[in-house]
Each structure stands twice: as C-alpha cells, then as structure tokens.
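Asks: Predicted model and sequence below, questions to follow.
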Amino acid sequence: MYPRLRDLREDKDLSQTAVAKRLSMSQTGYSKYETGENDIPTHVLLELAEFYHTSVDYLLGKTDEARPYPPSVKAKTP
C-alpha cells in the first residue's frame, strides 16, 4: 500500500531495521507500515517526510512531486 516508503528506504540503502530504529519502533511494526497492514500515524508520517525530505502527500501517493512543499504553501499557524 505504501510502496514509496520502501522505494525511498531502498534508495538510501537502508534496512527496515535502521528506519525502525530511527522511529524508535520494532522492525516488524515498521514493516507493517510498508505493506499497508497497519495505518501510519500522523506523527510517524511527518517524521518520515522530514527524514526523506519529501511531503506527506508524496508518501501517501497523492502527488508525484517528491520535493516538499515550499514554505509559502505550508499551513500558517495562528
């Protein structure tokens, strides 16, 4: 379900274990994100987008634009 997670991880020559360690979770738990067996919590999506220098929309397959949004597009906080 989330093949881009696997592709981004493999492009960086990282193991599931290495990414899981960065997220402070088990390899099995992370694997379930890549396969779509478990939904990815928002805070994990945000951390992965920052780690891979991309947008959450790209990770979720909502856009093919891998670059993160420019600052002017980000939501403004009141």
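Replies: Done, it's in. Numbering: from 1, shown residues only.

Asks: host element of the spatially most central residue of the chain?
Replies: What sits nearest the mean C-alpha location of the chain, by C-alpha atoms, centre = their mean, is Leu48, with 3.5 Å. Assignment of secondary structure by DSSP states H and E places Leu48 within helix 42-52.

Asks: contact partners of that helix?
Replies: 5, 8, 12, 19, 22-23, 33, 40, 55-56, 58-60, 68 (C-beta atoms under 8 Å, 6 or more residues apart in numbering). For the C-beta atoms, the positions are set from N, CA and C on the backbone; glycine is no exception.

Asks: Would you list the buried entries among those?
Replies: By neighbour count, with 16 or more other C-beta atoms under 10 Å, the contacts of helix 42-52 hold 5, 8, 19, 33, 40, 55-56, 58-59, 68 as buried.

Asks: Reformat those as JSON lines; add secondary structure and pLDDT.
Replies: Below are the buried ones among the contacts of helix 42-52 laid out as JSON lines (DSSP: H, G, I helix; E, B strand; the rest coil; pLDDT from 0 to 100):
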{"residue": "Leu5", "secondary structure": "helix", "pLDDT": "94"}
{"residue": "Leu8", "secondary structure": "helix", "pLDDT": "96"}
{"residue": "Val19", "secondary structure": "helix", "pLDDT": "97"}
{"residue": "Tyr33", "secondary structure": "helix", "pLDDT": "95"}
{"residue": "Ile40", "secondary structure": "coil", "pLDDT": "95"}
{"residue": "Ser55", "secondary structure": "coil", "pLDDT": "92"}
{"residue": "Val56", "secondary structure": "helix", "pLDDT": "92"}
{"residue": "Tyr58", "secondary structure": "helix", "pLDDT": "93"}
{"residue": "Leu59", "secondary structure": "helix", "pLDDT": "93"}
{"residue": "Pro68", "secondary structure": "coil", "pLDDT": "80"}
